[in-house]
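>>> When you get a sec, could you give me coordinates for this:
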Amino acid sequence: MIRINLIPPEILQARKDEQRWKWVWLAGGVAALVVALFWAATYLQLSSATSDVAGIQQDVANAQAQTSRFAVFEQKEADLKVRQDAVEAAKKGRIDWSQLLYELGLVLPRDVYLTTFTGVDNSTAGAATGSVVTLAGQAVYDPDEVPANGYKSIAKMLVRLTEMSELDSVWLTSATLGTGSDTQAPMYQWAVNARITPQQ
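Sure thing, here's the model as predicted:
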């Protein structure tokens, strides 16, 4: 059987070209679809990253807001430190008389009494002699004690005074037994000089 194609060649070529264009358009559509899907995925990732960044920025803003609430306390602490430093600088080299008297009250033996306390603060004047203190008082005399008890109490007092960190160069200037009276037993009269160690 013989088949004869009566369609002109130009029409056959046009049909072949139409078939080719269909495949070209199909490939273009697939490529466009792939590009669109890639763009959509990229957009979603970008949106997610942007959302994460916004969340982090919000967290940072919240943290900064909370930190600013405590800034006033940090400022107060800094002001307190400045004032403490100023007080320490003002107190450096000065004598705390109340603390010195308190320490003296602790170290004096029970049978030794302080009657006179004289202190000279030369720390701010720049004197070469420094600050000094003069103590005077009485010690109980017991005639039954041999050797006399009053001198032992005075010696104990001197040892304790030399152990005080606030004093150095402790020196007994006098220690004599008083005459007493008809109503009062005689007492040892003593006097001590010492140099005051300034606070550091």
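>>> any idea how far the helix or strand harbouring residue 62 is from the chain center?
Using DSSP states H and E, the element containing residue 62 is helix 9-91. Taking C-alpha atoms, centre = their mean, to the nearest Å, the mean C-alpha location of helix 9-91 is offset from the chain mean by 41 Å.
>>> Please identify the buried residues of the next helix-or-strand element following that helix?
Next in sequence after helix 9-91, counting helices and strands by DSSP H and E, comes helix 97-107. For helix 97-107, the neighbour count (16 or more other C-beta atoms under 10 Å) marks 100, 103, 104, 107 as buried. C-beta here means a position set from N, CA and C on the backbone, and glycine is covered the same way.
>>> Which residue, neighbours along the chain excluded, lies closest to the third one?
In this structure, residue 104 finds its nearest non-sequential neighbour in residue 114, 6.5 Å apart by C-beta to C-beta, 6 or more residues apart in numbering.
>>> Just list whatever residues bridge to that neighbour.
residue 137 (DSSP bridges).
>>> That one: neighbouring residues, count only.
16 (other C-beta atoms under 10 Å).
>>> how about it, what does it touch?
Residue 114 makes contacts with 104, 105, 108, 135, 136, 137, as judged by C-beta atoms under 8 Å, 6 or more residues apart in numbering.
>>> One more pass at 7 Å, please.
104, 108, 135, 137 (C-beta atoms under 7 Å, 6 or more residues apart in numbering).
>>> related to what we said a few turns ago, JSON lines for the buried residues of helix 97-107, including distance to residue 163 and pLDDT?
Listed next are the buried residues of helix 97-107 as JSON lines, based on distance: C-beta to C-beta, whole Å; pLDDT from 0 to 100:
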{"residue": "100", "distance to residue 163": "14", "pLDDT": "86"}
{"residue": "103", "distance to residue 163": "10", "pLDDT": "89"}
{"residue": "104", "distance to residue 163": "12", "pLDDT": "90"}
{"residue": "107", "distance to residue 163": "7", "pLDDT": "90"}
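>>> Just put those in CSV and tack on distance to residue 172.
Shown next, in CSV, are those (distance: C-beta to C-beta, whole Å):
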residue, distance to residue 172
100, 19
103, 19
104, 15
107, 15
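>>> how near is residue 61 to residue 99?
52 Å (C-beta to C-beta, to the nearest Å).
>>> scratch that, residue 19 is what I was asking about
For residue 19, the distance to residue 99 - C-beta to C-beta - is 112 Å.
>>> How many residues are close by residue 190?
Neighbour number of residue 190 under other C-beta under 10 Å is 25.
>>> sec struct for it, please.
strand (DSSP: H, G, I helix; E, B strand; the rest coil).
>>> Which phi and psi values does the residue nearest to it when sequence neighbours are not counted adopt?
Among residues not flanking residue 190 along the chain, residue 175 sits closest, at 4.4 Å (C-beta to C-beta, 6+ apart). Backbone torsions for residue 175, taken as degrees, to the nearest 10, come to phi -160, psi 110.
>>> How about the one 3 residues further on?
The phi and psi values for residue 178, taken as degrees, to the nearest 10, are phi -70, psi 170.
>>> In the record's domain split, what are the boundaries for this structure?
Listed by automatic domain parsing, the domain ranges of the chain are 8-91, 97-196.
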